[in-house]
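1. sequence and predicted structure are below.
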Protein chains: 2
Amino acid sequence: MTEKSEPTLQWYGVATDGKSSDAVIDYDVQDDTAGAVMRRRFVSVLPQHLIGELTEELRKFATELEQLDAIYVVDDDRKLIGYLRIRDLLLLPDQTLVGDVVRKDLIAVDAETDQEDVLQLANSRGLRVIAVRDSEGHLIGSVTPEEVSEIAQEEADEDMKLLLGISPDASSQDTPRQIVRRRFPWLAGGLVGASVAAVVIGSYEDALEEAAILASFIPIVMAMAGNAGIQASTLSVQGLASGAIAPGDIWRRLGREVLGALMNGAAVALIVAFLIAAAEFIFDIPDPLYLALSAGLALIIVTTLASVVGAVVPIILDRFNLDPAVSTGIFITTSNDVFGVLVFFSIASKLYI
Amino acid sequence: MTEKSEPTLQWYGVATDGKSSDAVIDYDVQDDTAGAVMRRRFVSVLPQHLIGELTEELRKFATELEQLDAIYVVDDDRKLIGYLRIRDLLLLPDQTLVGDVVRKDLIAVDAETDQEDVLQLANSRGLRVIAVRDSEGHLIGSVTPEEVSEIAQEEADEDMKLLLGISPDASSQDTPRQIVRRRFPWLAGGLVGASVAAVVIGSYEDALEEAAILASFIPIVMAMAGNAGIQASTLSVQGLASGAIAPGDIWRRLGREVLGALMNGAAVALIVAFLIAAAEFIFDIPDPLYLALSAGLALIIVTTLASVVGAVVPIILDRFNLDPAVSTGIFITTSNDVFGVLVFFSIASKLYI
């Protein structure tokens, strides 16, 4: 039978609340790591014990055992050997030695592992539990489906915020001061891009004085560049997060994006040309054909350029280990505003003026 | 002991693959419902059996029992009575009657329940398993943490795509044809808004001919309106999805948004005024003070207006049972482009021209 000094059942509560723990270990964790999200209460057993002993010991802890996904098997130094499933306790004879039936197909991560990597691991391997170790290899916690679900929601919310230009901490409950702190930096970033676009437009002041109608195309060109860019970048960011995009996919992805963007750009160009033709009946538009040609050509180029930048930038950033979402949001917004007006005015000033 | 015609252990495989099921029920499910995502294999038991009988019967199915989160207790008509936890099997004496220890604190949803509602239920109640019933109240499946995690990732990805203007089906693996089908509708939607903005700008052609420099402020005003609007709407959509925003919160949320937006708008206005002052040294800008005043005032109004629209529209749409993400993306983009240039040109044409 079990000796008092060496319990069959070991509870390790890494937190210091200490409730019904046999051992409480202080452990510093960093935000958004496996160590921060892991379940800090788990059950572990030594391999020299019997299934029957384990079951009997578990009964004593019955009220503490809210959820039991796995029983970890560790050595005397609390280093991980493997695990048992709950059904093993039900299905194996009482006299079975734990060490004889321990399952070794366990995935363990270090406490410092980024929670995003834990999520990818859980998704790609379809794992029920992931063990968490400290830097010396001791078992300190467990990531179960509940934690994976939490991570998934947190990461998706974060990516969405970053892509849409808000601090990951921002929430709908923010006070006015928090609203400034968590949104202003992105508004200021957008202002930088818009100001460069403003300077580009200013440099075509002569063209605008000659044909003020060109100003009407600024929102159209900007909307198309912005939307096409953000569409492509969203899919790249999601593809990278889910593992659907492998590093080698960049050329294939690029080819499809260019073709798709050319078609979308051409469709938009046709619509705008049609709108110009229709507007001609109401307003006085000089040289509508050349205006439609300039706008159409610019829209095809801008849509394609924005899609390529949007699709590729997140993949490149990811390769340099930068968060694709954060950098994409700023990069795409800034560059596409500028590209858009630059392409349109340089074409229009040659073809139309 | 158990009779052959009335097994202690009942497996219901709603799918027709039929592997080791005692009963296979055909059941039509709709996409994105509890019935579509649920685990179609589960274990159920009648209340008149003993814990020991159940354990013994479970051993026969050992190899089929990949994951066992709960054992459902049903009546002879397969209507749900409650459930047992796996630990109950371990911890209760063999001679206990299932009906005496059945846990009744179970949440069940109908198969037609939207998966988004299942997610909210799981998140708000911290549930381990949710039972799924058909329209007659028969147990047909189970939603466990794995399914909740899947739903969470799917819903977050969908919301992100809709907010950023792409079809929820779109992926980074799309062919060029799929790129057109899954992105063009949103590009065309953006074009509508931009075209209205173009007409607004066109109506100020005289002002532009007099002061072409006003065109330079179009990207700045549009960027600020677009970004402030999308920031506020993202947080409203996420807040609604997580349950952080209750229907009654609309006024409190509005108050904070207005205050925060006024501050952000004022900060941006100061920067733009400073940029105009700095640009005066390089370019020839007539009446820079009035230009700065017009731009600054317009930016404060536009930022506030866009934030209010962004924050409130999703909450209103949600109240009318419309998906806040889908409608928000289109609504915000379209309206803020137009608002932005309208406010700026109407102020500038009065103050500056």
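-> Arrived safely, thanks for sending. Numbers count the residues shown, from 1 in each chain, chains lettered A, B, ... in the order given.
2. for residue A:132, list each beta-bridge partner.
-> residue A:109, residue A:141 (DSSP bridges).
3. next up, the contacts around it.
-> By CB atoms under 8 Å, 6 or more residues apart in numbering or on different chains, the residues touching residue A:132 are A:34-35, A:38, A:108-111, A:113, A:139-143. Glycine gets a C-beta too; all of them are placed from N, C-alpha and C.
4. mind running it again at 7 Å?
-> Contacts for residue A:132 (CB atoms under 7 Å, 6 or more residues apart in numbering or on different chains) come out as A:34-35, A:38, A:109, A:111, A:140-143.
5. cool, residue A:285 as well?
-> Contact analysis of residue A:285 by CB under 7 Å, 6+ apart lists A:213, A:276, A:279, A:291.
6. with residue A:171 instead?
-> Applying CB under 7 Å, 6+ apart, the residues contacting residue A:171 are B:235, B:239, B:244.
7. mind checking which of the contacts of residue A:285 are in helices?
-> A:276, A:279, A:291 (DSSP state H).
8. which of those scores worst on pLDDT?
-> pLDDT is lowest at residue A:279 among these; the value there is 88.
9. how about it: what's its closest non-neighbour residue?
-> residue A:285 (6.3 Å; CB to CB, 6 or more residues apart in numbering or on different chains).
10. checking that neighbour next. Helix, strand or coil?
-> Three-state secondary structure (criterion: DSSP: H, G, I helix; E, B strand; the rest coil) places residue A:285 in coil.
11. distance of it relative to residue A:214?
-> 11 Å (CB to CB, to the nearest Å).
12. among the contacts of residue A:285, name the buried ones.
-> Neighbour counting over the contacts of residue A:285 (16 or more other CB atoms under 10 Å in any protein chain shown) leaves A:213, A:276, A:279, A:291 as the buried ones.
13. could you list the low-pLDDT ranges of chain A?
-> Counting by pLDDT under 70, chain A shows low-confidence ranges at A:1-27, A:61-67, A:126-127, A:247, A:327, A:329-330.
14. same thing but 80
-> Applying pLDDT under 80 to chain A flags residues A:1-29, A:40-41, A:56-69, A:86-87, A:90-91, A:123-128, A:241-243, A:246-250, A:283, A:325-334.
15. which residue is nearest the centroid of it?
-> Closest to where the C-alpha atoms of chain A average out (CA atoms, centre = their mean) is residue A:159, at 4.4 Å.
16. hang on, that one packs against residue A:241?
-> Yes: if you go by CB atoms under 7 Å, residue A:159 and residue A:241 touch, sitting 6.3 Å apart.
17. identify the contacts common to the two.
-> Residues touching both residue A:159 and residue A:241 by CB under 7 Å, 6+ apart: none at all.
18. can you list the domains in chain A?
-> A:10-152, A:164-351 (automatic domain parsing).
19. what helix or strand is the residue nearest to the centre of chain A located in?
-> Residue A:159 belongs to helix A:145-163 when assigned by DSSP states H and E.
20. now for that helix, which elements pack on it?
-> Using 3 or more CB pairs under 7 Å, 6 or more residues apart in numbering or on different chains; DSSP states H and E, the elements in contact with helix A:145-163 are helix A:34-37, helix A:115-125, helix A:217-242, helix A:324-351, helix B:145-163, helix B:217-242.
21. now that helix: buried residues?
-> A:145-163.
22. what about whichever residue of the stretch 251-353 of chain A sits closest to chain B, which helix or strand?
-> Residue nearest to chain B within the stretch 251-353 of chain A (CB to the nearest CB): residue A:260, separated by 2.8 Å. Residue A:260 belongs to helix A:250-279 when assigned by DSSP H and E.
23. helices or strands up against that helix?
-> Using 3+ CB pairs under 7 Å, 6+ apart: helix A:250-279 touches helix A:217-242, helix A:288-319, helix B:176-203.
24. quick one: the last one to helix A:288-319, angle?
-> Following axes from the mean of the first three to the mean of the last three CA atoms, to 10 degrees, one obtains 120 degrees for the angle between helix B:176-203 and helix A:288-319.
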